[in-house]
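Visitor: Pasting the sequence and the predicted coordinates here, then a few questions.
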Amino acid sequence: MMSDLVLELEGIRKVYRGRVEALKGVDLSVPRACIYGLLGPNGAGKSTLVKILTTLIRRTGGNGTMLGRPIGDRGALQKVGLLPEHARFPDYLTGRQVVEFSAGLQDVEASVTRERTDKLLDLVGMTEAQGRKMKGYSKGMKQRIGIAQALVNDPEIVFLDEPTDGVDPAGRRDFRLLMTKLRDEGRTIFINTHILSELEPIVDRVAIISHGELLGEGILDDLRTATPEYRVEFEGELPGALRESLEGEGFVVASGLITMETSKAAEMQPLIDQLRKENLAISRIEKKTQSLEELFMGFVDQAGGAAPPPIPGAPVQAPAIPKS
C-alpha cells in the first residue's frame with residue numbers, strides 16, 4: 001500500500017566543522033501530492049536539509065525515509081528531481097543539451113529522452129530558445145531550464161532550492177502556475193525559500209525554520225495566530241448615532257474606514273446595508289489575513305531569534321560535462 005507521506009524525518013542533525021550546528025534535530029512529515037514550503041532566512045538550514053536528503057552531504061544524526069525507503073536509498077533517489085540553489089550549467093551547452101544530459105545522468109532511456117525533453121521545454125516555456133547556449137540566457141531562463149532538467153526523470157518528489165531568486169515578476173507568476181500543475185499531476189514539490197510572499201498563494205503546508213530548528217509546521221491557515229480582519233472603506237460623513245451604534249457592536253471606526261476582527265463575511269452584511277441606507281459610497285471591501293511574512297516573524301520573535309550565522313560550504317553546482 002502506498003504511503004500518504006513522501007518524507008518522514010526524525011531528529012535530523014548536521015554539525016559542520018567548527019561545531020557549527022546547522023540542523024538541531026529536525027522532525028518532518030511531508031504528504032504526497034502537495035506543495036510544501038520550507039521557509040526561513042539565508043543560513044537557517046534549509047539547503048543543508050535538502051543536501052542531506054539527496055545525499056550531497058552526510059547527516060550527523062537522525063533517521064528518516066523518503067518515498068518509503070531509507071534516506072540515501074538508490075531506488076528512491078531515482079524518483080527524485082533536484083534544482084539546487086545557485087545551480088550552474090556549462091555555458092557552452094544549449095538549453096536542450098542540458099536537459100538531455102541530465103536525462104542521461106538519471107538513466108532515462110534514450111528512446112524516451114527526445115519526446116520527454118520536447119514536452120518539458122514546452123512546459124517551462126523554453127521551446128523557442130532551446131537551441132541557444134546557456135551563456136546567452138537570462139537568470140529566469142536558466143531557472144526554467146533548471147526546472148526542466150529536475151523533471152526529466154519523471155520524479156515523484158521535486159526539491160527546488162530558492163527557485164525564484166532573481167527571477168522577474170512574470171517568471172515568478174509562471175513558476176507558480178507550473179508548480180500547481182505539477183502538484184495536480186500527483187507530484188510533491190518541496191520548495192526552500194526566504195522569499196515568503198512567493199509561496200503564499202500556492203503552498204499547501206509550510207515549515208518555518210530558523211537557526212536549524214523548526215519553529216512551526218502545518219497548514220498555513222491553521223498556523224495563523226491573528227484573527228482575520230474585514231475592512232470597509234467608504235466616502236462621506238458617518239452620522240454620529242450610527243458611529244456610536246457600530247462601536248457598540250465591536251466595529252472600529254475611523255475617518256472613511258470601518259474594521260472588525262472576524263472571519264465571517266456574513267457579520268459584515270448589516271454594516272454594508274446601513275452604509276447604503278445612509279447613501280454613503282463604499283469604495284472598497286477587503287479581508288485582511290496574517291501574511292506568511294508576518295506569521296514567520298511572529299515565530300522567530302517568539303523563539304528570540306536573530307539572523308542566523310552563515311553555514312560553511314560552497315554552493316552546489318551541476319556535474320561537470322565534458323565537451324564533445
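Guide: Looks like it arrived, so ask away.

Visitor: Report the secondary structure element holding Arg243.
Guide: According to DSSP states H and E, Arg243 maps onto helix 240-248.

Visitor: Mind listing what's buried along that helix?
Guide: With burial defined by 16 or more other CB atoms under 10 Å, the residues of helix 240-248 counted as buried are 242, 246. From N, CA and C alone the C-beta is placed, and that goes for glycine too.

Visitor: That one packs against which elements?
Guide: Here helix 240-248 touches strand 252-254, helix 269-277, going by 3 or more CB pairs under 8 Å, 6 or more residues apart in numbering; DSSP states H and E.

Visitor: Direction included, what does the following helix or strand past the shortest one pair against?
Guide: Counting by DSSP H and E, the next helix or strand C-terminal to strand 252-254 is strand 257-261. Strand partners for strand 257-261, identified by DSSP bridges, are recorded as strand 229-235 (antiparallel), strand 252-254 (antiparallel).

Visitor: Please identify the deepest-packed of the ones you listed.
Guide: strand 229-235 (a mean of 17; mean count of other CB atoms under 10 Å).

Visitor: and that one, average pLDDT?
Guide: Mean pLDDT, strand 229-235: 93.

Visitor: May I ask you to confirm that Gly166 is in contact with Lys139?
Guide: Yes. Counting by CB atoms under 8 Å, Gly166 does reach Lys139; the two are 4.3 Å apart.

Visitor: Give the other helices and strands that whichever strand or helix holds Ile147 contacts.
Guide: Using DSSP H and E, Ile147 maps to helix 139-150. Other elements packing on helix 139-150 under the criterion 3+ CB pairs under 8 Å, 6+ apart are strand 80-83, helix 95-105, helix 110-123, strand 157-161, helix 169-184.

Visitor: List the buried residues in the longest one.
Guide: Spelled out, it's helix 169-184. 171-172, 174-176, 178-179, 182-183.

Visitor: cool, and the first one?
Guide: If you call a residue buried by 16+ other CB under 10 Å, then strand 80-83 has these buried ones: 80-83.

Visitor: ditto for stretch 187-207
Guide: 187-193, 196, 198-200, 202-207.

Visitor: Ends of it, what's the gap?
Guide: For stretch 187-207, the first-to-last residue distance is 18 Å (CA to CA, to the nearest Å).

Visitor: And stretch 83-91, by the same measure?
Guide: 17 Å.

Visitor: how about it: buried residues?
Guide: 83-85, 87, 89-90.
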